[in-house]
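[1] Please find the sequence and the predicted model below.
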2 protein chains.
Amino acid sequence: MPLLLLKDLPRYECLIESAKEFPDLDPSAAEAYLHLLRAGDDAFSVSQRNLDEHGISQGRFCVLMLLWRSVHLPATELLGAKSCGDGPRTPAELAEGANVTRATMTGLIDTLERDGFVKREPDPVDRRMMSVRLTAKAEQFLHDFLPGHFRTTAKLMSTLSESERKTLVRLLTKISTQAAAMFGGPATVPAELATRAV
Amino acid sequence: MPLLLLKDLPRYECLIESAKEFPDLDPSAAEAYLHLLRAGDDAFSVSQRNLDEHGISQGRFCVLMLLWRSVHLPATELLGAKSCGDGPRTPAELAEGANVTRATMTGLIDTLERDGFVKREPDPVDRRMMSVRLTAKAEQFLHDFLPGHFRTTAKLMSTLSESERKTLVRLLTKISTQAAAMFGGPATVPAELATRAV
DNA sequence: CATTTATCGTTAGCCTCCTAACCGTCTGCC
DNA sequence: GGCAGACGGTTAGGAGGCTAACGATAAATG
C-alpha cells in the first residue's frame, strides 16, 4: 500500500451534507477525486502484490523497465526519454525517468547491483558518469515475470470495454494535464484564480 | 510523491509493438492501467503540496478527517465506519479506517499528540483501549485548511463536466471492484488463465 | 474459578523514500 | 593555462510505511 488512504469513501449524500458547512466543497469533484485515489491505490496494490511474490519492489521494477525500454526499443521510439542512444543509461537519466531523486536512484541501483540485476560501468568519456546496464539475469527475470504482470493488468481492466477504456484514458489525461498546470502554478490557490484559470 | 512511477508513459504504438513480443500484453488495458496510476499520482501530488504548505502529512490529515467525520457526522450517516457512537474513536478503529496497521497508527497519533492536534484518554470501561479526540487546535486547523483543500480538488476536476465525472466514477468503481475481487483471489495467476492466454 | 485464547496499544527493527551536503569532474570565461 | 561555477554520483540523516513481537487486559472455555 503506497499511500495512506481512507478505506471507506464517504457517500455522496454525506458530501452534499458537508457542502452546506463548506461552500467550497464541490460534491461531484470531491467524489471523483476520492474515487480516483482509491482506484489508483487499488490498481497499484494488485500489481504490488505480483511484484512482492517475485521479491522485487515497485521502485526496482521501474528501473528495470526503464533499462529494458532503452535496450528493446532503441531506434523505433524514444518514449519521451532524452537519451536518443541505445544501450545503458546513467543514474541521472534513470532518476529523471522514474521521477525520483538521484540519491534514491543510487540506493535502488545499489540493491539491484547487489542482487545481480544490473551492472555499473564507468563512462569512458565523462569520468563523472556511470553507465547502468541490465545483466542477463535481469533479462531472464523480465522474460519470466512480464507475461504474468501483463495478464494481471489485462484482468484488472477486463471489466471495461474497449470504448470504456478509451473514455477512461481520455478523462484521466484531462486530469493529469490539469494537475500539471496547477503544479507549475501558484503555491496557494487564491479565490480569484479558480475563475481565471483554465 | 507517494510512489515511484514512470514520468513519461509509453506511447500506444510502443505498447502494440511490445505486444508482438509479449502476447499477454493487452495494449489498451496496459494503457488504461498506466494512465490510472499516473493520474492518481498527479492528483495525489497536488493535494500533497497543499498539505505540505500547512506542515501536515497525508497520513496525519487522514487521521484528522476520520476523527472529524466521527464528530461532525455522528448520527446522520455512519460512512461505513463500524463505530456507531459519536465522539472519539480508538486507535484500532482509526487504523482500520485509514488502511494502515495499528503500529503505524500509534506513530501517527504520537506525532499528532505531540503537536497538540489530538489527545489520548484511557477508556474507563476497557482498560486496554484508548480514546483519541480532536483538540480545539485541530478543529481550528481543519476549519482554516479545508476550504482551500476543497477548492484545490474542485479546480483539479474543473476540466470535467458533471456527466464526465459521473462516467469517471462509474469506471473507477468498476476497477476497484475488480481489484478487490483479484486481491481476495488466488495469489499466483492460475494455470487456466495462463494456458488460455498462451 | 482457572486457564486458554483473542484483542489493544506499543515497541523494535527493517525498507524505501526524501533533503542537504559532499567530492570529483567537466565547462566556460579570463 | 587557471579558476569559478555547473553537474554527476554518493553519503548521511530523517520521516513514514511495514512486520513481528511484546505486556496488559478482556473474553471464552473447561
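    Alright, I've got the coordinates.

[2] going forward, measure contacts between C-alpha atoms and count neighbours the same way
    Noted.

[3] Now A:Phe145, what are its backbone angles?
    When read as degrees, to the nearest 10, the backbone of A:Phe145 gives phi -90, psi -40.

[4] what about the nearest residue to A:Thr90 once chain neighbours are set aside, which SS state?
    Among residues not flanking A:Thr90 along the chain, A:Ser131 sits closest, at 4.9 Å (Cα to Cα, 6 or more residues apart in numbering or on different chains). State at A:Ser131, reduced to three classes by DSSP: H, G, I helix; E, B strand; the rest coil: strand.

[5] Secondary structure element for the residue in chain A that DNA strand D sits nearest to, which one?
    Nearest residue of chain A to DNA strand D (Cα to the nearest atom of the strand) works out as A:Ala92 at 3.4 Å. Here A:Ala92, judged by DSSP states H and E, is contained in helix A:91-98.

[6] Also A:Leu6?
    Assigned by DSSP H and E, A:Leu6 falls within no helix or strand.

[7] what does chain A put close to DNA strand C?
    A:57-60, A:99-104, A:107-108, A:111, A:125-128 (Cα under 7 Å from any atom of the strand).

[8] which outside residues touch stretch A:120-127?
    Identification of contacts with stretch A:120-127 by Cα atoms under 8 Å, 6 or more residues apart in numbering or on different chains yields A:113, A:129-133.

[9] Are the lengthiest helix in chain A and chain B in contact anywhere?
    What stands out as the longest helix in chain A, according to DSSP state H, is helix A:27-53. Yes. Residues of helix A:27-53 contacting chain B under Cα under 8 Å from any Cα of the partner chain: A:28-33, A:35-44, A:46, A:50.

[10] Output the contacting helices and strands for that helix.
    Here helix A:27-53 touches helix A:12-21, helix A:58-72, helix A:136-156, helix B:27-53, helix B:136-156, helix B:162-184, going by 3 or more Cα pairs under 8 Å, 6 or more residues apart in numbering or on different chains; DSSP states H and E.

[11] Alpha carbons of the shortest one, as CSV, please.
    What it means is helix A:12-21. Extracted C-alpha coordinates of helix A:12-21, given in CSV (Å, rounded to 0.1, in the frame of the first residue of the first chain):
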residue,chain,number,x,y,z
TYR,A,12,-22.3,11.2,-2.0
GLU,A,13,-25.1,12.3,0.3
CYS,A,14,-22.6,13.0,3.0
LEU,A,15,-20.6,15.1,0.7
ILE,A,16,-23.7,17.1,-0.1
GLU,A,17,-24.3,17.4,3.6
SER,A,18,-20.8,18.6,4.2
ALA,A,19,-21.1,21.1,1.4
LYS,A,20,-23.6,23.0,3.5
GLU,A,21,-20.9,23.7,6.0
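
[12] Let me see the contact set for A:Leu36.
    A:Leu36 neighbours (Cα under 8 Å, 6+ apart): B:36, B:39-40, B:169, B:172.

[13] Map the structural domains onto the sequence of chain A.
    A:50-159, A:160-198 (automatic domain parsing).

[14] I'd like these written out as JSON lines, with mean neighbour count and mean pLDDT added.
    Converted to JSON lines, these look like this (neighbours: other Cα atoms under 10 Å in any protein chain shown; pLDDT from 0 to 100):
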{"stretch": "domain A:50-159", "mean neighbour count": "17", "mean pLDDT": "84"}
{"stretch": "domain A:160-198", "mean neighbour count": "15", "mean pLDDT": "73"}
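
[15] Could you dump those into JSON lines with distance to B:Lys20 added?
    As requested, the domains of chain A are exported to JSON lines (distance: least, Cα to Cα, whole Å):
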{"stretch": "domain A:50-159", "distance to B:Lys20": "12"}
{"stretch": "domain A:160-198", "distance to B:Lys20": "19"}
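
[16] To A:Glu21, which of those lies closest?
    Nearest of these to A:Glu21, taken as Cα to Cα: domain A:160-198 at 17.6 Å.

[17] which SSE is A:Thr104 in?
    Using DSSP H and E, A:Thr104 falls in helix A:102-114.

[18] what does that helix contact?
    So helix A:102-114 is in contact with A:59-60, A:63, A:91-92, A:94-95, A:118-120, going by Cα under 8 Å, 6+ apart.

[19] swap the cut-off to 7 Å and go again
    A:60, A:91-92, A:95, A:118-119 (Cα atoms under 7 Å, 6 or more residues apart in numbering or on different chains).

[20] ok and whichever helix or strand comes after it relative to helix A:91-98, angle-wise?
    Per DSSP H and E, the first helix or strand lying C-terminal to helix A:102-114 is strand A:118-122. Interaxial angle, strand A:118-122 versus helix A:91-98 (axes from the mean of the first three to the mean of the last three Cα atoms, to 10 degrees): 140 degrees.

[21] ok, back up a step: now for the contacts of stretch A:120-127: which two are most distant?
    A:Glu113 and A:Met129 (16.4 Å).

[22] ok, and for stretch A:5-13, which residues are buried?
    Applying a neighbour-count criterion of 16 or more other Cα atoms under 10 Å in any protein chain shown, one finds A:5-6, A:10 buried in stretch A:5-13.

[23] and A:Leu134, what is it in contact with?
    Contacts of A:Leu134 (Cα under 7 Å, 6+ apart): A:67, A:117-119.

[24] now the residues you listed as JSON lines including distance to A:Asp144?
    Converted to JSON lines, the contacts of A:Leu134 look like this (distance: Cα to Cα, whole Å):
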{"residue": "A:Leu67", "distance to A:Asp144": "16"}
{"residue": "A:Phe117", "distance to A:Asp144": "14"}
{"residue": "A:Val118", "distance to A:Asp144": "17"}
{"residue": "A:Lys119", "distance to A:Asp144": "20"}
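
[25] Which of those sits closest to DNA strand C?
    So of the contacts of A:Leu134, ranked by how close each gets to DNA strand C (Cα to the nearest atom of the strand), first place is A:Phe117, at 13.4 Å.

[26] so that closest one makes contact with A:Glu139?
    No. The criterion here is Cα atoms under 7 Å, and A:Phe117 misses it with A:Glu139 at 8.3 Å.
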